[in-house]
Each structure stands twice: as C-alpha cells, then as structure tokens.
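# return atomic coordinates for the entry below.
(2 chains)
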There are 2 protein chains.
Amino acid sequence: MGSKKIVIVGGVAGGASAAARARRLSEESEIILFERGPHVSFANCGLPYYIGREIAEEQDLYVQTPQGLKNRFNLDVRVRTEVVAIDREAKEVEARNLDTGATYKTSYDALILSPGASPLKPPIPGIDRPGHFVIRNVPDTLALDAWLASKTVKKAVIVGGGYIGLEMAEQLHRRGIHVSIAEVLPQVMNSIDMDMAVWLHEELALNGVDLYLGDGVASFAEPNDGEHALASVVILKSRKRLPADVVILGLGVRPEADLAKKAGLEIGKLGGIRVNEKLQTSDPHIWAVGDVIEVRHAVTGEWCHIPLAGPANRQGRMAADIILGKDVKYEGTWGTGILRLFNITAGGTGANEKMLEKAGIPYQTVFLHPLNHAGYYPGATRLTLKVLFSPETGKLLGAQVVGENGVDKRIDVLATALKAGMTMDELAQVELSYAPPFGSAKDPVNLAGMIAENVMAGDISLVQWHEVEDYDPDKILLLDVRQPEERAKGYIPGSINIPLPELRRHLNELPKDKEIVAYCLVGQRSYYACRILLQNGFKARNLTGAFLTYAKATGDNKEE
Amino acid sequence: MGSKKIVIVGGVAGGASAAARARRLSEESEIILFERGPHVSFANCGLPYYIGREIAEEQDLYVQTPQGLKNRFNLDVRVRTEVVAIDREAKEVEARNLDTGATYKTSYDALILSPGASPLKPPIPGIDRPGHFVIRNVPDTLALDAWLASKTVKKAVIVGGGYIGLEMAEQLHRRGIHVSIAEVLPQVMNSIDMDMAVWLHEELALNGVDLYLGDGVASFAEPNDGEHALASVVILKSRKRLPADVVILGLGVRPEADLAKKAGLEIGKLGGIRVNEKLQTSDPHIWAVGDVIEVRHAVTGEWCHIPLAGPANRQGRMAADIILGKDVKYEGTWGTGILRLFNITAGGTGANEKMLEKAGIPYQTVFLHPLNHAGYYPGATRLTLKVLFSPETGKLLGAQVVGENGVDKRIDVLATALKAGMTMDELAQVELSYAPPFGSAKDPVNLAGMIAENVMAGDISLVQWHEVEDYDPDKILLLDVRQPEERAKGYIPGSINIPLPELRRHLNELPKDKEIVAYCLVGQRSYYACRILLQNGFKARNLTGAFLTYAKATGDNKEE
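A predicted model of the protein is given here:
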C-alpha cells in the first residue's frame, strides 16, 4: 500500500474512521489527526439521550479517547488544535493550538477534511441570549445539562422540528419539562413527506408537546411583566409568545466549509465541499468526508447535503482506502434515517415525494398499513408504509415507514433493496423471515411489492388521498366497502357504503359512466372490490392507504 | 385473463393464497377449494403459542372461515372433503365427503395441489401410545390441550429438536412442565450449523430444559414399577429412560404426495412433488405448491424440501398468476427461517455450511459478534453472525444470526441481499438506518461485508475455530491480544498473551518462521493485530469469531 503522510482535519465520525482504516492498511504511514474540540470520536448521536438520562453517565459519551486511539492505531492525535489554513501549493496545513495560541505548519501527502457541520444560527433578534443551546458536541450538552440542573426549568421551547429537535423534545419531556416546538415548515422531520410526518405530529400531541407548524421565530425577547421565562420569550411570526426557561436551537446545520473555501476548493450551492466519486475535492491531494461535503443523491443524482453518521463513517473508511491505493468509489448517499419519538418510530430511505417532484422523476406512490407481525399473535401493531417506485421501470425509488414496532427492520430491508436497484416485483418475492413474533407469511415489504406489481401489470390503478380531498362528484363516486360499524366511526364525506361481501349482489346499483374510487380502512378490501368492479365493466380505482391514510393526512375523521 | 375452472386441493397457506389470487385475477373463473380438515387458512405457525397461551383464544387460530372466503372471494369451499384420485386423462378429480362417505367427480382446467406435509411417524415401537401428540393442525393442538387440561402433566418429552420441537419446549415450559428434548442429530435446528446451534443448546440449559443430543428414540414403553409416566417412558438408543406424562413427536414432516404419486406425477428423491419454474408438475395441467413440493434451492441449485409458510404463500399466489396467464417464474427457495427460543432468537437464510459442503460449492466463513445497537446506548446485547460467501465472486451465499435482539432485522437484510445477488463489498456499503436505539453507524451487516472485503482483498486471512481445536504448536503460535483481566476468565490452551496496545513494542519477541493465529474476544482487535504483524513481515491470520466463537463451539472456557 505504500507509506504516506496523511493529515486529517476532524476527529469524530468520518475523520476517526479514516485514521483507523489508514493505519490498518499502512503501518508505516504517518497519520496526524487534528481535532478542534477536546474529544475524538464521541457519541454524536447519543447526546440527546444524555440529557434525558437514558444514557446515564457522561463517560458513556466518549467512544474513544485520544490515548486509546494512539495505543491502538499509533495515531498522532492532536486535540484542541484547529487547522486554520491550507497551503495547497506547498501541501501544508497551518495548525493552531487553542490552549497556547501557538501555530505551526505540517506537510501532507494526502489531506482529509472532516470538520463536520455547525448548527445554524440565523440572525434572529435575541438568538444569542443566555439559556439558548445548540447540541453539537459534549461541551454543548454539558452546558445545557448544567442550566437544567441549576434552574427550575419548567418550559422548553425547541426551535426546529428536525432530528435533534424531536429527540430533544422527547428527552426534555422525560425530565418533566413542558416542551413546545416551533417549526417554520408545515411538518416536522422534513426527510419524510408531510403525509407520513402527521403520525409524528399526533404522537407529539399525545405526549403533551405543543407543536407550532408553519410558524418561524420572529425574535427572542426579554419576558414582559407577568411573563415568566428564565431564558427568553420566543416570539413567533404569528405573534404567539412562548415563554421558555430554556431554548434549544435545532435549526439545521451548515457544512463547516470555511477552511476549504479559503483554500479555494470547490464549494457547492448547498455550502458543502463538492467531492467526486473518489471523495476527492477539486484538489486531487485533498479528500473530504462527512457532514462537510455535498454528495450525489443515490436515487435522484442531485447534489445534496445529508449530515448522517452512517455515510460519514463509510466515507472516512473509503477515503483512506482510496488514498492507500484501493480501487473503490462512493456511489452516493441514500439518506437512510430513523427517529424514535416516544412510542413510535419513523424512518425513510432513498427519495421522498418532495425530492422526486423537484428532480422531475416520475413516480407512483403506494400507501399500506399492515400489521408488524402475524395478527393472531398478541401485540401486533399497525405500520404505515409509503413506498415510491418508478412507473416506467418498476424500480424502488424510496420508502418511508412509521409505526410502533418493526420500523427499523422494514427500512433496512428497503434500504438494501435500493442499494441493489431492486424492482417492486423482486421485492414481492424476497423471502423474509417469518415466525409469529416477528412477521407474517407475507411481510409488509412483500405486500408493498405485490401492490406495485399489480399497478405495473395494470390490474389496479391507484388514487392518492389528496386527489379525493376535493373531488368532482359528477365524475367520481366514492365507494366505502367497509362494514357499517366501521363506517360509523368516520368516513369520507360524500361516499356511499356497500360492504365488500355484498358488493357482487349490488353491482346493478352502481354507475358505469362515473369512475368509482373504492376505499376501506387500509386498502386491501377496496382492492378486492376494484377487481370485482373492473372485471364487471366498471371504471374503478383504489384509494391507496384508504381511509387511514386519508384521515391522517387530511386531519379529518380520526380513526385507528 | 380468461375464465377457467380451477380446482385446488388443500385450503391452508398455499391453497388459500392460490384461490384468493385466482379470484382477484378472474371474476368469472369457477374456483373449487377442497380441504380435508374442518378449517381453511388457520394459523399454522401459531399452534405452539396456543398451547402456552401466548395466543389466548382458540378463535384466534382461525385466520379465515370457509364462509368468509366464500363471501369475500366467491369461492366454492368444500371442507371435510378429501380428493382421493386424479384422472389426468379426463382432467377430473374424485372427491370424498368425509362425513357422508359420498364420492363424486369434478373436472378441472387447472389443478393445484397444496395438501401440505404430514408429521413423520417412523416405526418406533410404541410410537402410537396414548399421550403422544403431533402438532400439525388445530384438532391436533386441541387434543394435546385437552390431555394437558385433564391430567397432572409434570414431565414432557419432545422427540426432535426442529422448529416445532423447540417452540413446543418453550410453550410447555411456560405451562410449568419440565421438558426434555431427544434429538438424534448432534444439534437442534438443523437449518443452521452446529457452531450456531450451540447458542440454542445453552439457552435450553439456562431454562432448565434437558437436552439429549445424538440420541434417537429406541422405543416408547409402559412405565416400570417405580417409574411415573402418564404417557410413556421414552427409551433412548443410549438406554436412557425418560418418563413422560406427554410426548410430542416433532420428527419432521413428509410431503403428502400420495395422491400425486398415484396419479403418476413425478416425485423427487426427497418424496416431494417435482415442479418446474412455473410450479408445474410433470403434468402441464397440474400445479403444486407449498410443503408438498420439492424446489430448487436458490443458492445451491439442489433439489430440496423446505416446508415454510412464506414460500408456500408466494407459491400459491404465483401458481394462480401462471394459470391465469401471467409470465412469472419461481426462482427457488432460500429457506429463510427464524425461531424465538426463550430469550434468544436464531435465524438463517440461504445456504448453510453443511449444504455448501454437500453441494461442493467453495465458501469462506466469517463469524462476528457485534452489538445489536450503539454500545453507548443502554441495553445493547451481542449478536453472533455467521456469514458465508464465495471466495471467487464475493457473493453472499448464506447467513445465520443468533442473539437476544435485532436478529430478525439482520436476517431480513441478508435475505434481501441474497435475493439481489449482492456481493460482500456491496453489503459493506448498504446504508442502513442508524439511531442509538436501533443500530450503529456501521451495522453488523456492514461489518460482515467489511470483513469479507478485507479477506477478498487479501488484507487478512481467516482461521476457523475447528482449525485451532488441535493445531500443531510447531507450526502455529496462538496469540491472545486481549487485556490480562479478560484472559483470566478463559483462553485457548497453549496461547500466549500480548495485549494489542503493547503489540508494536513486543514484535521482536515473536517468531517469523511460524504462523501466528491471533485472537481476542470477538475478532476485531486481533484483526488489528494481524494487520500490524503482516505489515511487519510476520505470517499472521485472524481467528474468525475469536474466543467467543471458539469457546461456544468447543464448549470450552465459557465466557460472555
């Protein structure tokens, strides 16, 4: 593999992975790991759980120590040292010891940039007031923890409903603090679509978290007389005033690309360092990995910024491989993400509907609500899957899953299928494990494949929930095929009811000049109904996800 | 799709799926479903859980009723009716009403055979004594339940350590009954390899189940004076006598191919009906699906008999597709199976080592013992993965996983990868979901891929546990790189100890003429050690799975 002098900027996920891999491949290389903070390789994704004390000990947050890395991998780890400049001509970096202020230069054969991304702090008036916290690293987390320990914090306001905001909502709630979330978008967890995020909105409400959607922060202010707020009063654009004893800023992150920019490396439109398939920047001696880079989305091919630990670790390992002569390439990022929020879990992989719209990629959406395991075995709970595929090729494009149990499994199966470029009819045939506590003879993923297969074969056409929100009753007849006792709990306005077992006997009552859109609770019985109708000469389509998707997405007629 | 007269023999998994799918595709077809038993589509895989009352109500075992199937799918369901003959020339079957004894004939355009498989009852003396039960259907289950309710059953003997035997062991234990299992093979759950089944053996012991391995039943006898047994004394070939108040026969199953055989259809060496990729028997008007057929194993290409609910359901659906004109084919069965046994779960997919040996397919085995989720998040437990891949192509061939949590997820990801024909380096790059409660930035499946990638690249060579069981100390030096306090709990005899952090300082103490086989607890640190050694001119290989695999597989030096 040869021997090189490898300098790495940033000692967390991507940087630490690169350093350890480089050493395994090259015992002779000199490997210097610069880290601005006091810690390397800490439990980045665990920080919120320390606040709620699910992770009980601060010590548990330190995955590796600088000394441990040195002992195991013979790395030259320099913490509290910031790389302040890159001299690309001389192939040197300039480093500053943050404790002494001393600066020095060191050369490199290969430079890996893994500085990460920093929490966004837009210029909102009052954003820097005391009692406001971001959660990027251990010191941030300990500062928040100290604030919570030293004050009587009753009310928290979280600005931003992304991963960090939602995880912090859960963990602050565990500490008995009332939580409000303000999110400028109409949904939380923007990596999934709104019609899936509604399950999270409901879960937040069930747990007493107040959610302000489509409402950004206008300013953070001193409390008025009569207002009690140890930190700020968060004033929303709607003029609502949310008094906060603590404020968490979860407004997203910005690639820490300043060093790269100053060095003249190509920066993308999203502010990240642009890299090629070899994770090389525009300078062939400089690689970049992790939250600082822009990558090609593996489904849409668009440049994207996806700050996730999994890709960062794989990129770090791969950069070391490439530098040390291995012929590998980075195929892009699928953006597979998952979130536990109180009693439910939501995850996504590949492209969501918003991304496909933006990229102009044709897609077909399927919703389904199967049980997580055999219904006859106790404790089965309902999953909701939204699966997107190409109506031209049948290829899976992306998927989202929400539910109480078994979400991670289905996301991971679907992520594997995406990586493999599988088509939906192949998904129908995947032989997944089945015993009553774990699944069903036809797993939810198989069912998604089968539905798509039926669509591709022309055996069924689907209608989306938003297409029946305001449909034209002159052209469409909405047919509810559930039993009357189910319908009594809520239905789509204007629909008529013929239960599936009676449908064949009532065909002569139905019109042949209108399109019949059938629905039941989850879409299975209405699919059966459509097959009967279609073969009897009716125009019929199935409402995908049926009443359950419709009711959740529109907020009408709640029904479990 | 046209209209056909479709006759189906067998109304459970495969038959019921075929019938329902046929109706969805063809409203006009006449579909007759014959079922010998009183029930259609019952919860086959749930039967053991009714005995332990995890499934509390008998009613829950009936997934569909004949009337329900008739209402929903307009099927002509004839229960308690046995098809006794097939006239292939006339394309007719002869059916007998089991209640009246009346027989009649009915014609078919397409015949689907789905009679299932029946429990094996070898001619062991006394096998038909009272108090002996098989668990194939609801009446069997209710008969056992009645025996348990009417007697003071303290001791159960289960003959056979397959899925049914192990599930019954767990469920009888739940009822407070002492359980013994007698298995003629040296391991339980023969679908996985012995070095993985050892975890099940240990779990049985932990739960007070007595396990007699490599010991078949010689006879079932009347108790002697002084022996108490409400059913039989089970006399093993080793002459051990096991008094039993109830005996469960879980000796495997035999395809119910008699009807097919009598009709002259081709039967395979394993006793199942041979079908082609179109699930057609040797008569092109007769299809067969489910536990009665022999299929090609999707990895080895060998004929096999894999009685599992998932494949049966998919086959049933596919047979209907093919009969009604769809161009699909059955690719074979992967044998994906899973078992919960008390607090652990074991699963497998694709080929195991025994099958690859038999088929003469070259393979490389990797063992690993990663945590099921981030170690810093509470509740992480260790998984054991055994992954088999082709050293020529890098393709995944099969995998087995055992552990407390997250087994089903990894099996399903690996099953998806198998279906997709993925290579191990592709597995390393799959982007799986990561949040601390669910996984790690490098998921166990990614780690398996990375290890295999290193092997394929020649960066590491592996030694198997059975290769160090009796190694030649003149040729091999066993090097334990754990910390002394770990070693104190057990080690491989003859090994020396140099902890990894000290290895670089002690290289001059090691021989260059011997091969050094390194191990730690799980194989990660010893991999690092091997990389140091190899790059310093030593011959070194890593003991895959390290001490944990070695200790479990050999039964020596237990250590968690």
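# for burial, what's the neighbour tally of A:Lys151?
For A:Lys151, the count of nearby residues is 13 (other CB atoms under 10 Å in any protein chain shown). For the C-beta atoms, the positions are set from N, CA and C on the backbone; glycine is no exception.
# from what I can see it touches A:Asp245, true?
Yes. Look at A:Lys151 against A:Asp245 with CB atoms under 8 Å: they come within range, at 6.3 Å.
# do I have it right that A:Val295 meets A:Ile306?
Yes. Using CB under 8 Å, A:Val295 is in contact with A:Ile306, at 6.7 Å.
# touching both of these two, which residues are there?
The contact sets of A:Val295 and A:Ile306 overlap at A:Thr333 (CB atoms under 8 Å, 6 or more residues apart in numbering or on different chains).
# just to revisit the earlier point, need the overlap of contacts for A:Lys151 and A:Asp245.
In contact with both A:Lys151 and A:Asp245: A:Leu230, using CB under 8 Å, 6+ apart.
# what does the stretch 351-500 of chain A put close to chain B?
The interface of the stretch 351-500 of chain A toward chain B, taken as CB under 8 Å from any CB of the partner chain, is made up of A:374-378, A:408-409, A:411-413, A:415-417, A:419-422, A:425-426, A:428-439, A:441-443, A:445-446, A:450, A:457, A:459, A:500.
# where's A:Gln67, which helix or strand?
Here A:Gln67 sits within helix A:66-73, counting by DSSP states H and E.
# show me what that helix is packed against.
Other helices and strands packing on helix A:66-73, by 3 or more CB pairs under 8 Å, 6 or more residues apart in numbering or on different chains; DSSP states H and E, are helix A:13-25, strand A:76-78, helix B:500-503, helix B:524-535.
# now restrict the residues of the stretch 351-500 of chain A next to chain B to buried residues only.
For these, a neighbour count by 16 or more other CB atoms under 10 Å in any protein chain shown gives the buried set as A:374-377, A:408-409, A:411-413, A:415-417, A:419-420, A:422, A:425-426, A:428-439, A:441-443, A:445-446, A:450, A:459, A:500.
# contacting residues for A:Lys121?
Applying CB under 8 Å, 6+ apart, the residues near A:Lys121 are A:Ile127, A:Asp128, A:Val134, A:Leu249, A:Leu251.
# can I assume A:Pro378 is in contact with B:Ile55?
Yes. The criterion here is CB under 8 Å, and A:Pro378 meets it with B:Ile55 at 6.7 Å.
# now the helix or strand of chain A with the lowest mean pLDDT against helix B:524-535, angle please.
The helix or strand of chain A with the poorest confidence is helix A:66-73; it has a mean of 91 (mean pLDDT, DSSP states H and E). For helix A:66-73 against helix B:524-535, the angle by axes from the mean of the first three to the mean of the last three CA atoms, to 10 degrees is 50 degrees.
# off-centre distance for helix A:66-73?
Computed by CA atoms, centre = their mean, to the nearest Å, the separation of helix A:66-73 from the middle of its chain amounts to 33 Å.
# give me the buried positions along it.
Residues of helix A:66-73 classed as buried: A:Pro66, A:Gly68, A:Leu69, A:Asn71, A:Arg72, A:Phe73 (neighbour count, 16+ other CB under 10 Å).
# coming back round to it: turn the contacts of A:Lys121 into JSON lines, columns for distance to chain B and secondary structure.
Listed next are these as JSON lines, based on distance: CB to the nearest CB, whole Å; DSSP: H, G, I helix; E, B strand; the rest coil:
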{"residue": "A:Ile127", "distance to chain B": "28", "secondary structure": "coil"}
{"residue": "A:Asp128", "distance to chain B": "30", "secondary structure": "coil"}
{"residue": "A:Val134", "distance to chain B": "19", "secondary structure": "coil"}
{"residue": "A:Leu249", "distance to chain B": "20", "secondary structure": "strand"}
{"residue": "A:Leu251", "distance to chain B": "20", "secondary structure": "coil"}
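# so which residues on the stretch 151-300 of chain A come close to chain B?
By the rule CB under 8 Å from any CB, the part of the stretch 151-300 of chain A lying against chain B is A:Ala298.
# show me where the stretch 151-300 of chain A has strands.
In the stretch 151-300 of chain A, the segments counted as strands under DSSP state E, counting those that start in this stretch are A:155-159, A:178-183, A:210-213, A:217-221, A:232-236, A:241-244, A:246-249, A:253-255, A:273-274, A:286-288, A:293-296.
# need the CA coordinates for the fourth one. CSV is fine.
Right, the one you point to is strand A:217-221. Output of strand A:217-221 as CSV, limited to C-alpha atoms (Å, rounded to 0.1, in the frame of the first residue of the first chain):
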residue,chain,number,x,y,z
VAL,A,217,-39.4,32.6,15.1
ALA,A,218,-39.5,36.4,14.7
SER,A,219,-37.4,37.1,17.8
PHE,A,220,-36.3,36.0,21.2
ALA,A,221,-37.2,38.6,23.8
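# can you name the residues in contact with it?
A:124-127, A:129, A:132, A:159, A:182, A:184, A:232-237, A:239, A:247.
# just the buried subset of these, please.
A:124, A:126-127, A:132, A:159, A:182, A:184, A:232-236, A:247.
# and the helices in the stretch 251-400 of chain A, which stretches?
According to DSSP state H, counting those that start in this stretch, the stretch 251-400 of chain A carries its helices in the segments A:258-262, A:309-323, A:353-359.
# what's the end-to-end length of stretch A:238-257?
34 Å (CA to CA, to the nearest Å).
# state the mean pLDDT of it.
Across stretch A:238-257, pLDDT averages out at 97.
# got the buried residues for that stretch?
A:242-257.
# determine which two of the residues you listed are furthest apart.
A:Pro243 and A:Ala257 (36.6 Å; CB to CB).
# follow-up on the earlier one: any idea which of the helices of the stretch 251-400 of chain A is most buried?
helix A:309-323 (a mean of 26; mean count of other CB atoms under 10 Å in any protein chain shown).
# in chain A, where is pLDDT below threshold?
A:1, A:556-560 (pLDDT under 70).
# hang on, the earlier thing: and the helices and strands packed on helix A:66-73, which is most packed in?
helix A:13-25 (a mean of 26).
# tell me how far it lies from the chain's centre.
Averaged C-alpha coordinates place helix A:13-25 at 26 Å from its chain's average position (CA atoms, centre = their mean).
# what of stretch A:391-408?
For stretch A:391-408, the distance to the chain centre is 13 Å (CA atoms, centre = their mean).
# ok, stretch A:45-62 next?
Using CA atoms, centre = their mean, the offset of stretch A:45-62 from its chain centre is 21 Å.
# output it as PDB, restricted to C-alpha atoms.
In PDB, the C-alpha atoms belonging to stretch A:45-62 read as follows (Å, rounded to 0.1, in the frame of the first residue of the first chain):
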ATOM      1  CA  CYS A  45     -25.900  10.700  18.100                       C
ATOM      2  CA  GLY A  46     -26.200   9.900  21.800                       C
ATOM      3  CA  LEU A  47     -26.100  13.500  23.100                       C
ATOM      4  CA  PRO A  48     -29.900  14.000  23.400                       C
ATOM      5  CA  TYR A  49     -30.100  10.700  25.400                       C
ATOM      6  CA  TYR A  50     -27.700  12.000  28.000                       C
ATOM      7  CA  ILE A  51     -30.000  15.000  28.600                       C
ATOM      8  CA  GLY A  52     -32.900  12.600  29.400                       C
ATOM      9  CA  ARG A  53     -30.500  10.300  31.200                       C
ATOM     10  CA  GLU A  54     -31.300   7.300  29.100                       C
ATOM     11  CA  ILE A  55     -27.600   7.400  28.800                       C
ATOM     12  CA  ALA A  56     -26.800   7.800  32.400                       C
ATOM     13  CA  GLU A  57     -23.100   8.600  32.500                       C
ATOM     14  CA  GLU A  58     -21.100  11.300  30.800                       C
ATOM     15  CA  GLN A  59     -18.400   8.800  30.400                       C
ATOM     16  CA  ASP A  60     -20.500   6.700  28.100                       C
ATOM     17  CA  LEU A  61     -20.400   9.500  25.500                       C
ATOM     18  CA  TYR A  62     -16.700   9.100  24.900                       C
END
